[in-house]
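Colleague: Dropping the sequence and predicted coords here.
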Amino acid sequence: MRNVTFEVVVDPKRDMTIKQDGLILNFDAAGRSNKESSVNRTSWSFGEYKGDFIDFNWYNNGWVLDKNNNSCLRISNGAKFNINLGNIDVNTSDTSKQSCTFEFEFKIKNIQDYSNIIKEITRYKGDNSLIEGADKTAWKAFNDQSIYSNYDSFLNAMYDETTKNVVHYIGKTYDELEFDYIYKKIDLKSVFCNFYSTAGLCLGPQDGFFSTGNDTVNVKYVEDKTMNLSMVFDYSNKLILIYLNGVLSSIAKITSKNLISLKSATGNITFSSDFCDVDLYKFRVYNKALNVKEISTNYAVDHKNILLYDQSEMLALPNSAIGEYQLTYDGMINYNNEHEDNYLMPYLIIDSTNSSLGEGVLPYSKAKKAKGVHLTFVNTGLDHAYANGLLGPLAEQEGYKDIENGMSAVEQYYMHHCPSWTSQCGGLSSNAVTL
């Protein structure tokens with residue numbers, strides 16, 4: 001028998017852990033198993049929050065491994081999982097009750113009801129006003145009938161023989177209708193995650209939403225794919241947002257100025273298998289609004305994605321002028337220098353330092369002409385391959401030949417595959433490609 005010694009070295013550059021500031025609830029299925037004792041496997045808690053496991057058989061549901069050998073809480077076969085979340089109060093002057101963030105990692109399978117829980121309906125100007133000769137408004141008439149499920153189909157069918165108006169209840173033809181706003185109708189009959197009364201969130205087999213009661217954002221996703229959702233109530237910027245897999249997908253202004261209580265009728269957030277099976281990997285709640293950098297970093301940590309982690313930490317810096325995070329040029333250069341095998345996409349640099357309109361000023365109308373503005377296009381991957389002698393086989397594969405007293409096959413390949421270049425605007429110089 002041999003003794004094998006492993007040396008574990010902590011990465012000094014990366015802290016691959018989720019953001020801790022403001023974290024009040026952290027559910028993570030990693031390391032859990034149905035092989036735990038009957039007492040332990042039916043127990044989960046984090047601080048004051050506790051889980052309640054209902055109708056689990058602990059055989060083909062419970063703490064199991066998915067097909068990728070990742071631990072999850074599988075909620076299926078009629079099982080439910082509750083967490084006593086209580087009320088999450090936001091939108092107050094109390095700094096501890098201003099903002100919040102909910103983060104989920106889940107997968108849904110075996111869907112029995114594909115109904116959307118959010119139905120988006122186009123509303124038109126005047127459809128909620130009573131006109132002369134009509135017994136009700138168009139919007140009320142639509143909701144009072146059961147023949148048409150589509151609002152536009154209903155309006156098209158409302159023909160008035162006397163006035164010859166297609167839309168009887170508005171007094172206009174269909175083509176004369178003016179867009180007002182998108183109404184989001186909520187239907188909770190097929191939700192698998194419920195934390196909603198008059199404000200809160202719900203997830204269904206096809207879509208989910210986050211609502212203040214007055215303002216609602218929603219997102220769509222697919223089955224049998226691991227999904228990461230972040231739902232943010234941002235008091236400082238008066239925004240509610242949803243991020244899907246680290247990418248901003250939906251945003252709306254907060255119009256309410258009063259306290260908002262995010263809650264359900266029971267006080268629990270409930271994950272059920274009534275309409276689909278759910279693999280729940282992670283669920284977190286913060287009493288602060290995570291910014292895009294923090295959300296992207298958490299997503300990278302959840303998926304153990306070092307490249308995405310580095311991109312989040314190195315590229316995004318706050319821009320105080322607009323109150324958002326943006327990619328930075330220096331960060332991109334540093335990232336490319338440290339990741340020679342995983343360059344970021346080609347980029348274009350616009351340098352207006354010597355602009356004839358003034359330092360940092362670009363043309364803002366056709367009448368304004370600028371000279372002295374430099375444009376530089378950089379194809380990072382192609383440049384790296386050229387500098388390291390990696391284009392030879394590719395040039396040969398595409399049939400390029402060395403030209404006597406001229407360009408080599410590699411140089412020709414480079415020239416014909418979107419090379420880097422520098423140009424000065426205003427007719428002072430032409431495009432110049434440097435090999």
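Modeller: Perfect, thanks for sending it. Numbering: from 1, shown residues only.
Colleague: where does the stretch 201-350 of the chain dip in pLDDT?
Modeller: The model of the stretch 201-350 of the chain has pLDDT under 70 over residues 321-323.
Colleague: Strands of that one, residue ranges please.
Modeller: Ranges of strands within the stretch 201-350 of the chain are 207-211, 216-220, 227-234, 239-244, 247-253, 260-262, 269-272, 277-286, 316-319, 324-327, 347-351, based on DSSP state E, counting those that start in this stretch.
Colleague: Counting by contacts, list what the last one packs against.
Modeller: Same thing as strand 347-351. Helices and strands touching strand 347-351, as assessed by 3 or more C-beta pairs under 8 Å, 6 or more residues apart in numbering; DSSP states H and E, comprise strand 374-378. Glycine gets a C-beta too; all of them are placed from N, C-alpha and C.
Colleague: With the third one instead?
Modeller: For strand 227-234, the packing partners by 3+ C-beta pairs under 8 Å, 6+ apart come out as strand 100-109, strand 207-211, strand 239-244, helix 292-302.
Colleague: re earlier: please identify which of the strands of the stretch 201-350 of the chain is closest to Ser45.
Modeller: For the strands of the stretch 201-350 of the chain, the distance to Ser45 is smallest for strand 277-286, at 13.3 Å, taking C-beta to C-beta.
Colleague: Pairing partners for the closest one, with directions?
Modeller: Looking at strand 277-286 with DSSP bridges, its partner strands are strand 23-28 (antiparallel), strand 71-75 (antiparallel), strand 100-109 (antiparallel).
Colleague: quick one, the longest one and helix 292-302 angle?
Modeller: Meaning strand 100-109. 40 degrees (axes from the mean of the first three to the mean of the last three C-alpha atoms, to 10 degrees).
Colleague: Tell me how far Ala29 lies from Lys35.
Modeller: 14 Å (C-beta to C-beta, to the nearest Å).
Colleague: more crowded one of those two?
Modeller: Neighbour tally, Ala29 and Lys35, criterion other C-beta atoms under 10 Å: the higher count belongs to Ala29, 22 against 9.
Colleague: before we move on, the earlier item: would you reformat the strands paired with strand 277-286 as CSV and include mean neighbour count, mean pLDDT and distance to Val166?
Modeller: Converted to CSV, the strands paired with strand 277-286 look like this (neighbours: other C-beta atoms under 10 Å; pLDDT from 0 to 100; distance: least, C-beta to C-beta, whole Å):
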stretch, mean neighbour count, mean pLDDT, distance to Val166
strand 23-28, 18, 98, 53
strand 71-75, 24, 98, 48
strand 100-109, 23, 97, 41
